[in-house]
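Enquirer: Let's see this in three dimensions:
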Amino acid sequence: MKKILFFDVDGTLYNSDKKLPASAKEAIFKARENGHEIAIATGRAPFMIKDILEELEIDTYVTFNGQYVVYQGKVVYTDQIDNETLTEILEFGAQRNHPLVFLNEKEMIATESDYESVESSLATLQYPYPQIDPQYYLHTPVYQTLVFIEEEEQPIYEQQFPQVQFIRWHPFSCDVLPAGGSKANGIRKLLEKINFPVEDVITFGDGLNDIEMLSEFGYSVAMENGHERAKEAASMITGHVDNGGLADAMKKLKLI
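Expert: Have a look, this model is predicted:
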């Protein structure tokens, strides 16, 4: 029976060197040959996954942790934090020396220059320091915001801004999402659009932003290298991304 397979990128498709293992690529093409649909579900922006979309010939993706959803090349759902809330977060952060980065499907823009927290965290995604425009969100749609705070500072923001979520992806940075926003929500919106049953969805992930999608659909796989909470949410745990864990899981699930 046909399944839709949703793959996280970092730590699931991409290994520790930010490369796609040959075994994973071969498995995905084989699963497609076997009649299954292949999709991405990531916290990254669309422009950040261009290479892997082309390499794997994928045109369906849930990006920005569910805030920008494309099915077969067409945008089917978007969500945004309102500008008033972003202004409040920006001002709150400025008082504490915490910059923001705004993202949409095409680019990312920072509110301040020369912050080590911005440079080092974006470097893990292999992206340089963005251009600067603190008012970018006022004249251009923004589907994802990053706030550069350390873990001990996160509860202060959560208390101050209960209308949004702060999902940590790096020791120096959190994604800021609308309340209820998640990869799982983006997947649900996509499934509603194409009238596809949730029980025929299989999700693959490793991070804190994968927990909802690992727990809410038909079956799920967490990588051995994943966060403990992600592994607790999954139906099964496969091997490390660096050791062919993704392909092993797809074999065990008889997708290939």
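
Enquirer: Give me the distance between the residue lying closest to residue 191 once chain neighbours are set aside and residue 31.
Expert: Ranked by CB to CB, 6 or more residues apart in numbering and with sequence neighbours excluded, the top spatial neighbour of residue 191 is residue 198, at 6.1 Å. Every residue, glycine included, has its C-beta placed from N, CA and C. Shown here: residue 198 relative to residue 31, a distance of 19 Å by CB to CB, to the nearest Å.

Enquirer: Neighbour count for these two, which is higher?
Expert: residue 31 (20 against 14; other CB atoms under 10 Å).

Enquirer: tell me the contacts of that one?
Expert: By CB atoms under 8 Å, 6 or more residues apart in numbering, the residues touching residue 31 are 5, 38, 250, 255, 256.

Enquirer: go on, residue 24?
Expert: Per CB under 8 Å, 6+ apart, neighbours of residue 24: 13, 244, 246, 247.

Enquirer: same question, residue 186
Expert: 41, 62, 63, 65, 66, 67, 68, 69, 77.

Enquirer: Closest to residue 238 out of the residues you listed?
Expert: Closest approach to residue 238 among those (CB to CB): residue 41, at 16.6 Å.

Enquirer: number of nearby residues for the closest one?
Expert: Neighbour count of residue 41, defined by other CB under 10 Å: 29.

Enquirer: Quick one: classify the closest residue to residue 253 other than its chain neighbours as helix, strand or coil.
Expert: Leaving out its chain neighbours, the residue that sits closest to residue 253 by CB to CB, 6+ apart is residue 202, at 6.8 Å. Recorded secondary structure, residue 202: strand (DSSP: H, G, I helix; E, B strand; the rest coil).

Enquirer: what pLDDT does residue 202 get?
Expert: For residue 202, the pLDDT comes out at 98.

Enquirer: again with the one 5 residues further on
Expert: At residue 207 the predicted local confidence, pLDDT, stands at 94.

Enquirer: Distance of the residue nearest the centre of the chain relative to residue 134?
Expert: Nearest to the mean C-alpha position of the chain, by CA atoms, centre = their mean, lies residue 43 at 1.8 Å. According to CB to CB, residue 43 and residue 134 sit 23 Å apart.

Enquirer: thought residue 187 was touching residue 40?
Expert: No: under the criterion of CB atoms under 8 Å, residue 187 makes no contact with residue 40, lying 10.9 Å away.

Enquirer: Please tell me how far the residue of the chain positioned farthest from its centre sits from residue 89.
Expert: Distance from the C-alpha centroid of the chain, by CA atoms, centre = their mean, peaks at residue 95 (28.5 Å). As judged by CB to CB, residue 95 and residue 89 stand 11 Å apart.

Enquirer: One more: residue 74?
Expert: 31 Å.

Enquirer: ok, these two, which is more surrounded?
Expert: The residue with more neighbours, out of residue 74 and residue 89, is residue 89; 21 against 10, by other CB under 10 Å.

Enquirer: and residue 65, that's in a strand?
Expert: No: using three-state DSSP, the secondary structure at residue 65 is helix, not a strand.

Enquirer: which residue packs closest to it, ignoring adjacent ones?
Expert: residue 43 (4.7 Å).

Enquirer: number of nearby residues for the nearest residue to residue 148 once chain neighbours are set aside?
Expert: Nearest non-adjacent residue to residue 148, counting by CB to CB, 6+ apart: residue 117, 4.2 Å away. By other CB under 10 Å, the residues close to residue 117 number 19.
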